[in-house]
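**Q** Curious how this folds, go ahead:
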Amino acid sequence: MLTRGYSKNLFQRDISTPAASKGSVLILAVWALLFLTVIAFACGALVRQEIFLVKKVETKTRLYRAAYSGALWAIDNVRSYYKDRDPHEGFTLNNLLASNPGLFKDKPIGDIKVSARYEYVSGYPGKKETRYGLTDEESLINVNTVDKRFLGPFFRRVSGLDPEIARALATNVVDWRDVDDMAGDEVSSGSERAGYKSSGYKYSPKNAPFESVEELLLVKGMDMKTFLAVRDRVTVFGYGLLNINTVTSDVLEAIGLDQPLVNKIIAYRAGPDGVEGTADDNYFKTRNLIVESLSRTIGLDQTQKEKLTEVVFSNILDIKSSLFRTTCVSSDSGSSSTGRLVVVFDRSGIVKYSSYLEY
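**A** As a prediction, the model looks like this:
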């Protein structure tokens, strides 16, 4: 029997939603939207970072290629210059290749500018200046051939080392390149190997010629400050003698010439206008006439004549150049990065050394 009253179809679904449930759905939607927004920002930041890295890599590549192209161009200029010239012709500071901003400064390669340049210590006391062109390796002290008695004063002169420390460092440089294991010149000085070990080094001297200037950092007693002071004034290439026409004043003093004599050499080279690297420069034409030319033009006292003669004929000074060096610097106006390619090559264009850095 059916009972009267309210009844509900148990199979009928109530589609009404309480207000609290509607609020929950809205909150969930808002959180979902925020989550998607965060993801979008994260993806955008990642994409922007990837684009930045790609552009940076592209800039690095362009700077390197531009510096490399500049080096090839500089080498080609040297080959063309010496093509029909005497292979024994000396190199001077007023040579077309030594200082020529019109030829070597801000050469455009695409939208990048490249300069072939080097740092020169001018006059006495030396003033460092940038020159656009090439320098010869014989203007630099060759650490594979230089005598220890000249190397010590050189370290003292260019880096301000204490005389005893400079002398010890010069000894260590020679010990690195010589063929024996004897430290210094005396047998009583002991073993080079033992000296390095007792000083905490994990290696011993190479007992062979330096292959790069950077190898000096391995020598006992050589710190970064001293290395940076001498780096641009030394080489491991060339035949070892210094070109008196291009060697700097601090190097001339380091090989035993006093300030008055160095001043006279610089004054002779500078010519009437007193500025090195200009058209009126003088230069020494042969090794045998160095003393005579300087004495006749500038004037030397007897002591200066004897000292210069001793240095010239002690296989230290000459007028020849066998290798050249330049630093090709590439710069992009749209970037703060700069490429730096150092290259050493001979007159025929054969590259002996190259090193690329970016800064």
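**Q** So what touches stretch 281-293?
**A** Residues outside stretch 281-293 that contact it (Cβ atoms under 8 Å, 6 or more residues apart in numbering) are 90, 92-94, 244-245, 268-271, 294, 297, 300, 305, 308-309, 312, 317-319. Yep, even glycine has a C-beta here, placed from its N, CA and C like the rest.
**Q** Type out the ChimeraX command that picks the buried ones from those residues.
**A** Filtering these down to the buried ones (16 or more other Cβ atoms under 10 Å) takes a single ChimeraX command:
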select :90,92,93,94,244,245,268,269,270,271,294,300,308,312,317,318,319
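**Q** now, which of the contacts of stretch 281-293 lie within strands?
**A** 317-318 (DSSP state E).
**Q** so where's the protein shaky on pLDDT?
**A** The model of the chain has pLDDT under 70 over residues 1-23, 42, 44-57, 123-126, 185-189, 358-359.
**Q** Quote the end-to-end distance of stretch 221-234.
**A** The first and last residues of stretch 221-234 sit 17 Å apart, counting by Cα to Cα, to the nearest Å.
**Q** which residues touch it?
**A** Stretch 221-234 is contacted by residues 118-119, 121, 140-143, 154-155, 158-161, 165, 168-169, 172-173, 213, 216-217, 248, 250-251 when judged by Cβ under 8 Å, 6+ apart.
**Q** got it, and stretch 59-79?
**A** Taking Cβ under 8 Å, 6+ apart as the rule, stretch 59-79 contacts 97, 103-104, 107, 109-110, 112, 114-116, 134, 324, 326, 328-332, 334-335, 337-341, 343, 345, 347-349, 351, 354, 356, 358.
**Q** in the stretch 51-200 of the chain, which spans are strands?
**A** Secondary structure of the stretch 51-200 of the chain by DSSP state E, counting those that start in this stretch: the strands cover 107-109, 112-122, 127-132, 135-136, 141-142.
**Q** Looking at those, which one is packed in the most?
**A** Ranked by mean neighbour count under mean count of other Cβ atoms under 10 Å, those are led by strand 135-136, which reaches a mean of 26.
**Q** List the neighbouring strands of that one plus their orientation.
**A** The partner list of strand 135-136 in its sheet, established with DSSP bridges, is strand 323-332 (antiparallel).
**Q** The strand it pairs with versus strand 112-122: what angle between them?
**A** Orientation check (axes from the mean of the first three to the mean of the last three Cα atoms, to 10 degrees): strand 323-332 against strand 112-122 gives 130 degrees.
**Q** what distance separates the very next helix or strand once past strand 323-332 from the centre of its chain?
**A** Later in the chain than strand 323-332, the nearest helix or strand by DSSP states H and E is strand 338-346. Computed by Cα atoms, centre = their mean, to the nearest Å, the separation of strand 338-346 from the middle of its chain amounts to 8 Å.
**Q** give the contact list for the spatially most central residue of the chain.
**A** The residue lying closest to the centre of the chain (Cα atoms, centre = their mean) is Val342, at 6.2 Å. The contact partners of Val342, taken as Cβ under 8 Å, 6+ apart, are 325-328, 353-356.
**Q** Who does it form a beta bridge with?
**A** Taking DSSP bridges as the rule, Val342 bridges to Thr327, Ser355.
**Q** Helices along the stretch 201-350 of the chain, start to end?
**A** Ranges of helices in the stretch 201-350 of the chain, per DSSP state H, counting those that start in this stretch, are 224-230, 249-254, 259-270, 290-297, 302-312.
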